[in-house]
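Participant: With the input below, show me the fold.
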Amino acid sequence: MKQHPFYRYIYVYYSFIFIIYIINMFIGSERLNYLLGILTTILLILSFPLASRLFKTLGGSFLAIGGYIYFTTGQPLLNIPELLTSNLSLLALLAMLPWMNTVVKSGKFDRSLNQLIKSNVSDLGKLYPRSSIITHILAAFLNLPAATIAQEVLKTNLASLSKELRNSFITTATLRGYSLALAWSPLEITLAVAIFTTGVDYVSLLPWLLLIVLITILVDSLWGRIHFKNYSFGISVEDKKQDINVIELTKKISHLVLSLALFLTLVILFGKLFELGFSLTVTLLIFPFAFVWSIIMKRNRRFWVIGWNTWKTKTNSMQNFFVLFVSLSLFSNSLNESSFLDLIQRPLLLVSDYSFILLFLIQAVFVFLSLFGIHPIATIGILTGIITPLLEIMNPVSIAIVLITGSVSTFTVGTYGLLVTLTSVNLEQSPYRITLKNMPFALFTGLIGTLVAYLLL
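Facilitator: Below is the predicted model:
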């Protein structure tokens with residue numbers, strides 16, 4: 001199908017919607033939100049033809065099921081547009097991510113990561129733990145951009161391998177390393193929600209969370225070492241013989257870590273100072289931070305050349321994300337108003353006298369609901385009805401650990417979640433395949449979290 005010239009400039013329409021959304025986050029106008037819903041509906045119609053077949057199917061299914069559930073609630077149809085805007089914060093954040101990736105490329109930090117990944121590596125088994133740990137460190141500071149940066153570096157390094165093997169390696173090493181960082185990083189919103197819900201202190205949680213992360217990452221690294229050991233890395237003889245300037249590489253990596261730590265600090269400070277949500281804070285800070293960083297490095301010209309073209313290209317191709325997350329907004333909001341949530345709470349109440357089973361079932365609920373596109377924060381809201389009385393009879397730290405590890409495990413298997421969807425698009429791979437590949441890891445993470453939580457009761 002020949003693309004209409006209009007779609008070459010659709011980034012203008014996307015940008016217009018995101019700007020209105022950000023403005024309305026500060027003024028909180030219901031009328032503006034309704035107008036935003038109408039504009040979102042129009043853009044959904046425009047985006048649908050250019051989405052891939054998979055995302056058309058997913059989006060169409062969510063719209064049909066969500067529309068049916070909404071119809072059964074008896075609410076007026078005119079209220080539907082305002083239900084479509086709840087995921088615009090994620091889409092706005094996605095639209096800004098290319099600028100952070102650009103400044104990393106402008107400073108040639110991706111080449112430094114390349115060197116760090118490739119040095120003294122003879123097979124994929126040795127590469128696996130290194131890739132996972134690098135992604136973990138980046139994710140603790142950079143959150144979502146860390147996954148895309150690590151994936152791009154690995155895609156380049158593993159280009160000579162078969163697509164199936166390359167995708168299998170990247171979807172396990174990067175997603176698992178990324179998700180474990182979110183278990184303890186104060187930048188992660190689900191951690192904050194779990195702490196708020198249970199009332200526990202972050203300092204009392206941190207040692208146990210780090211223990212869970214350490215156990216899980218060691219076991220997963222051992223698995224990766226064994227699973228991929230028979231596959232050679234495939235780098236050239238010249239790369240193997242190339243001398244690594246350790247001092248220069250250390251300076252480069254230190255520069256990157258310090259910059260990301262500064263970005264993290266700014267996100268926390270601005271979020272608290274102006275009482276902004278995580279997604280909005282990061283969205284607002286990414287561009288100015290990246291631009292100032294490029295000036296300090298004296299790479300601002302390269303930053304603009306790479307960034308503008310990359311941003312236009314990425315924004316013009318957001319159709320898959322837009323169709324999925326807008327349709328998912330209707331599905332999730334309709335579901336929250338239905339009686340379906342009672343069906344989830346009933347089995348948990350039946351086993352309330354069996355602590356270990358209850359704790360593990362809470363973990364399982366997170367994984368199960370993530371398969372249907374329900375965010376872990378929404379799952380915590382669903383479980384609030386049984387969490388509140390449990391806090392009176394169980395150690396709140398145990399409950400918090402289960403909520404956090406349950407939330408974290410969904411990032412690797414949430415078929416319609418942001419991370420899996422982003423990886424699916426980056427690697428041109430079905431999100432279902434990514435979910436299936438990481439399901440054992442998600443269940444293992446939940447099991448470790450349950451065991452630690454049970455021992456603290």
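Participant: Could I get the contacting residues of Lys229?
Facilitator: The contact partners of Lys229, taken as C-beta atoms under 8 Å, 6 or more residues apart in numbering, are Asp123, Leu124, Gly125, Lys126. The C-beta positions use only the backbone N, C-alpha and C, and glycine is treated the same way.
Participant: Got the phi and psi for it?
Facilitator: Lys229 adopts backbone torsions of phi -70, psi -20, taken as degrees, to the nearest 10.
Participant: out of everything not next to it in sequence, what's closest to Phe356?
Facilitator: Leaving out its chain neighbours, the residue that sits closest to Phe356 by C-beta to C-beta, 6 or more residues apart in numbering is Tyr454, at 5.1 Å.
Participant: roughly how far apart are the one you found and Trp208?
Facilitator: According to C-beta to C-beta, to the nearest Å, Tyr454 stands 12 Å off from Trp208.
Participant: ok, and for the helix ranked longest in the chain, which residues are buried?
Facilitator: Among the elements of the chain assigned as helix by DSSP state H, the one spanning the most residues is helix 246-274. Neighbour-count burial for helix 246-274, counted by 16 or more other C-beta atoms under 10 Å, picks out Leu249, Lys252, Ile253, Leu256, Ser259, Leu260, Phe263, Leu264, Val267, Phe270, Gly271.
Participant: I'd like the distance between the closest residue in space to the last one that isn't next to it in sequence and Ser259.
Facilitator: Across the structure, with C-beta to C-beta, 6+ apart as the measure, the residue nearest Gly271 apart from its sequence neighbours is Thr281 (4.4 Å). Note on Thr281: its distance to Ser259, by C-beta to C-beta, is 17 Å.
Participant: May I have the residues that are in contact with Thr102?
Facilitator: Ala290, Phe303, Ile306, Gly307, Thr310, Trp311.
Participant: Format these as CSV; extra columns: pLDDT, secondary structure and neighbour count.
Facilitator: CSV is the format used below for the contacts of Thr102 (pLDDT from 0 to 100; DSSP: H, G, I helix; E, B strand; the rest coil; neighbours: other C-beta atoms under 10 Å):
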residue, pLDDT, secondary structure, neighbour count
Ala290, 91, helix, 24
Phe303, 90, helix, 21
Ile306, 88, helix, 19
Gly307, 90, helix, 23
Thr310, 88, helix, 15
Trp311, 92, helix, 20
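Participant: Which of these sits closest to Ser409?
Facilitator: Ala290 (31.1 Å; C-beta to C-beta).
Participant: any idea how far the closest residue in space to the closest one that isn't next to it in sequence is from Ile296?
Facilitator: Nearest residue to Ala290, sequence neighbours excluded (C-beta to C-beta, 6+ apart): Val103, at 4.0 Å. Note on Val103: its distance to Ile296, by C-beta to C-beta, is 10 Å.
Participant: cool, Phe372 as well?
Facilitator: 45 Å.
Participant: Relative to Leu418, how far out is the residue nearest to Phe356?
Facilitator: 31 Å.
Participant: Would you agree the residue nearest to Ala290 is in contact with Pro288?
Facilitator: No: when contacts are counted by C-beta atoms under 8 Å, Val103 is not listed as touching Pro288 (11.2 Å).
Participant: hang on, the earlier thing: which two among the contacts of Lys229 are spaced furthest apart?
Facilitator: Pairwise over the contacts of Lys229, using C-beta to C-beta, the maximum falls at Leu124 and Lys126, 7.5 Å.
Participant: Mind checking which of Val103 and Ile296 has more residues around it?
Facilitator: More neighbours surround Val103 than the other of Val103 and Ile296, with 26 against 11 (other C-beta atoms under 10 Å).
Participant: what about the more buried one, which SS state?
Facilitator: Three-state assignment for Val103 (DSSP: H, G, I helix; E, B strand; the rest coil): helix.
Participant: roughly how far apart are it and Asn316?
Facilitator: Taking C-beta to C-beta, one finds Val103 at 21 Å from Asn316.
Participant: and what of Phe356?
Facilitator: Counting by C-beta to C-beta, the gap from Phe356 to Asn316 is 51 Å.
Participant: neighbour-wise, which of those two wins?
Facilitator: Neighbours per residue (other C-beta under 10 Å) separate Phe356 from Asn316, with Asn316 holding more: 17 against 13.
Participant: Please tell me how far the more buried one sits from Leu50.
Facilitator: Counting by C-beta to C-beta - Asn316 and Leu50 are separated by 9 Å.
Participant: Give me the common contacts of those two.
Facilitator: Tyr7.
Participant: And the pLDDT at the residue nearest to Ala442 when sequence neighbours are not counted?
Facilitator: Nearest non-adjacent residue to Ala442, counting by C-beta to C-beta, 6+ apart: Ser409, 4.0 Å away. If you check Ser409, the pLDDT there is 90.
Participant: Give the burial count for Ser409, as a bare number.
Facilitator: The number of residues near Ser409, taken as other C-beta under 10 Å, comes to 31.
Participant: how far away is Ala140 from Val104?
Facilitator: To Val104, Ala140 is 16 Å away according to C-beta to C-beta.
Participant: Name the residue in the two with the higher neighbour count.
Facilitator: Val104 (26 against 23).
Participant: wait, isn't the more buried one in contact with Ile149?
Facilitator: Yes: with contact defined as C-beta under 8 Å, Val104 counts as touching Ile149 (5.9 Å).
Participant: List the contacts of the helix or strand where Val12 lies.
Facilitator: Assessed by DSSP states H and E, Val12 sits inside helix 10-27. Under the criterion C-beta under 8 Å, 6+ apart, residues 32-33, 35-36, 39-40, 43, 46-47, 85, 88-89, 91-92, 95, 276-277, 280, 283-284, 311-312, 315-316, 318, 322 lie in contact with helix 10-27.
Participant: so it versus helix 246-274, what angle?
Facilitator: 50 degrees (axes from the mean of the first three to the mean of the last three C-alpha atoms, to 10 degrees).
Participant: Keeping just the C-alphas, turn the helix or strand that helix 10-27 is followed by into CSV.
Facilitator: Per DSSP H and E, helix 10-27 leads on to helix 30-47 as the next helix or strand towards the C-terminus. Extracted as CSV, the C-alpha positions of helix 30-47 are listed here (Å, rounded to 0.1, in the frame of the first residue of the first chain):
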residue,chain,number,x,y,z
GLU,A,30,-12.1,18.3,32.0
ARG,A,31,-13.1,20.1,28.8
LEU,A,32,-9.6,20.0,27.4
ASN,A,33,-9.3,16.4,28.4
TYR,A,34,-12.5,15.6,26.4
LEU,A,35,-11.2,17.6,23.4
LEU,A,36,-7.9,15.6,23.8
GLY,A,37,-10.0,12.4,23.7
ILE,A,38,-11.6,13.4,20.4
LEU,A,39,-8.3,14.3,18.9
THR,A,40,-6.9,11.0,20.1
THR,A,41,-9.9,9.2,18.5
ILE,A,42,-9.1,10.9,15.2
LEU,A,43,-5.4,10.0,15.4
LEU,A,44,-6.3,6.4,16.3
ILE,A,45,-8.4,6.2,13.1
LEU,A,46,-5.5,7.7,11.1
SER,A,47,-2.9,5.4,12.8
